[in-house]
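> dropping a prediction and its sequence here:
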Amino acid sequence: MLINYIIKLNNMLKQNSQKSVILGMSGGVDSSVAALLLKEQGYHVKGVALKLWAYKSENPCCSTEDINDAGMTARQLGIDFEVIDMQEEFRQSVVGYYIKELSSGRTPNPCIVCNDHLKFGLLLDYVLKNNYDYVATGHYARIRSDEKGFHLKKAIDGNKDQSYFLFLLDQKRLSRILFPLGELDKNTVRDIARRAELITCSKRDSQELCFLPAGGFGEFSKEYTNMDLRAGKIINRDGATVGTHRGLPFYTIGQRRGIGVYTNTPVYVIDKNVFDNSIMVDGMEGLMADTFTAKDVHWTSGKEPDLPFYANVRIRYRQKEKKAEIRRKNDMLIIQFSVPQRAITPGQAVVFYDDDEVLGGGWIGEVKR
């Protein structure tokens, strides 16, 4: 695979020699290799690190150390580099969204919002304002084009595919985006980094939200929010009180560990009620559902398909898609799986696929259990 890819790179050199690209550099191995590949493909590359969050202690990612690593990698590759301060924009659009969703009893997905508002929003605005041709990142996804327009597709590496986080991209933005890693698997990316002796070649992948401190959500909430963290009742399906929770935002649908309810059989969080500050628990059967609503739906092509229709549907990042019928009801969609699914969670994204292509997606609303 690596040899074939290098051959393809060489064929691109002449074609891309006059093209310029702004690359979002996180200081990790993926964006570092993306910078190397773009340069080898003949693009004029400028690396940009986004300063997003200043916390009293270092964060799991987006830290000062990460920005320094991005700068050193840029110098190592001989490309221009700049740090752009987007802390206020991040606080308002991403952290604000995160707090609002948690306060409403939903489970947010801030990475999707960050991609939409910052990496492919404000950073793309920077690209256009400064007369660059493209914005690029180290995301694992692919973009293809034909007479029908631009198509967002899964990455070759199914274990790293990040197309789920990108469903809000539209035709205009897809025409200006490059994903250099979409055709590669993670092992190949690591191998390229080692061969090039990039300083990030052995750096671990980030797994946490970039704005949560080492102390987790509890420490974050005390410092930055006025969320309601009052204790409340844990009830079962019959309405009987079976325990006490420590605050709704600490729990999510499908959670089993740390609930504080002890029974002969496992119980899971199946619902959160912000009106009476209660959590409902039940056995595995209570988690299963086949129908839910989706709101604020976005179609990648810019046009809603003829409804109803069937698609492969993903309700969380690591879940394998399952077939479901999609139909419209007033201003929202109804999604009905052929087989009940576990822990469909309000606030999370639902993304529709046709084989390896993203058709669109939206946000999970009410779940019929």
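Looks like it arrived, so ask away.
> going forward, measure contacts between C-alpha atoms and count neighbours the same way
Will do.
> low pLDDT regions in the stretch 51-200 of the chain?
54-62 (pLDDT under 70).
> how does it look with 80?
For the stretch 51-200 of the chain, the stretches with pLDDT under 80 are 54-63.
> so what's the residue count around the residue nearest to Ile259 when sequence neighbours are not counted?
Once flanking residues are discounted, Ile259 sits nearest to His245: 7.1 Å by C-alpha to C-alpha, 6 or more residues apart in numbering. Using other C-alpha atoms under 10 Å, His245 has 21 other residues around it.
> do you know how far His245 is from Asn264?
19 Å (C-alpha to C-alpha, to the nearest Å).
> equivalent analysis for Phe150, please.
53 Å.
> test my guess that the residue nearest to Ile259 contacts Asn277.
No: His245 lies out of contact with Asn277 (C-alpha atoms under 8 Å); the separation is 9.2 Å.
> identify the contacts common to the two.
Common neighbours of His245 and Asn277 are listed as 231-233 (criterion: C-alpha atoms under 8 Å, 6 or more residues apart in numbering).
> can you pull the contacts of Ile22?
By C-alpha under 8 Å, 6+ apart, the residues touching Ile22 are 45-48, 127, 132, 134-136.
> same question for Ile84.
Taking C-alpha under 8 Å, 6+ apart, one finds 48-51 in contact with Ile84.
> so it, which state does it fall into?
Recorded secondary structure, Ile84: strand (DSSP: H, G, I helix; E, B strand; the rest coil).
> any idea what it is bridged to?
Beta bridges link Ile84 to Leu50 when assigned by DSSP bridges.
> distance of it from Lys39?
21 Å.
> now swap in Leu181 and tell me
13 Å.
> comparing the two, which residue is more hemmed in?
Each of Leu181 and Lys39 has its neighbours counted (other C-alpha under 10 Å); Leu181 has more, 25 against 22.
> apart from its neighbours in sequence, what residue is nearest the more buried one?
Counting by C-alpha to C-alpha, 6+ apart, the residue nearest Leu181 is Tyr140, at 5.6 Å.
> give me the number of residues near the one you found?
Neighbours of Tyr140 (other C-alpha under 10 Å): 25.
> now swap in Lys172 and tell me
By other C-alpha under 10 Å, neighbour count at Lys172 equals 12.
> who touches the helix or strand where it lies?
Assigned by DSSP states H and E, Lys172 belongs to helix 171-174. For helix 171-174, the surrounding residues in contact (C-alpha under 8 Å, 6+ apart) are 120, 124, 143, 149-152, 300-302.
> those residues in helices, which ones?
Leu124 (DSSP state H).
> so which of the contacts of helix 171-174 sit within strands?
The strands, defined by DSSP state E, take in 143, 149-152 from the contacts of helix 171-174.
> domains in the protein, by residue range?
What automatic domain parsing lists as the domains of the chain is 2-195, 229-282, 287-368.
> quick one: closest of the ones you listed to Ser206.
Using C-alpha to C-alpha as the measure, domain 2-195 is the one of these that comes nearest Ser206, at 6.2 Å.
> Phe150 and Asn264: who's more crowded?
Under the criterion of other C-alpha under 10 Å, the comparison of Phe150 against Asn264 puts Phe150 first, with 18 against 5.
> for that one, which residues are in contact?
By C-alpha under 8 Å, 6+ apart, the neighbours of Phe150 are 143-144, 171, 174-175, 301.
> helices of this protein, start to end?
Counting by DSSP H, the helices of the chain are 2-16, 29-40, 64-77, 87-90, 96-103, 110-114, 123-129, 171-174, 186-195, 217-224, 284-287.
> and the angle for the fifth one with helix 217-224?
I take that to be helix 96-103. Between helix 96-103 and helix 217-224, the angle comes out at 120 degrees (axes from the mean of the first three to the mean of the last three C-alpha atoms, to 10 degrees).
> may I have helix 96-103 as PDB, with CA atoms only?
Extracted as PDB, the C-alpha positions of helix 96-103 are listed here (Å, rounded to 0.1, in the frame of the first residue of the first chain):
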ATOM      1  CA  GLY A  96     -21.100  26.800  25.500                       C
ATOM      2  CA  TYR A  97     -22.800  24.100  23.400                       C
ATOM      3  CA  TYR A  98     -21.400  21.400  25.700                       C
ATOM      4  CA  ILE A  99     -22.800  23.100  28.900                       C
ATOM      5  CA  LYS A 100     -26.200  23.800  27.300                       C
ATOM      6  CA  GLU A 101     -26.700  20.200  26.200                       C
ATOM      7  CA  LEU A 102     -25.700  18.700  29.500                       C
ATOM      8  CA  SER A 103     -27.900  21.200  31.300                       C
END
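> how about Ile235, nearest residue that isn't a chain neighbour?
According to C-alpha to C-alpha, 6+ apart, the nearest residue to Ile235 is Thr241 (4.4 Å).
> and Asp331, by the same measure?
Lys295 (7.5 Å).
> does the one you found touch Gly362 like I think?
Yes: between Lys295 and Gly362 there is a contact under C-alpha under 8 Å: 5.7 Å.
> these two: which is more packed in?
The neighbour comparison of Lys295 against Gly362 (other C-alpha under 10 Å) goes to Gly362, with 23 against 18.
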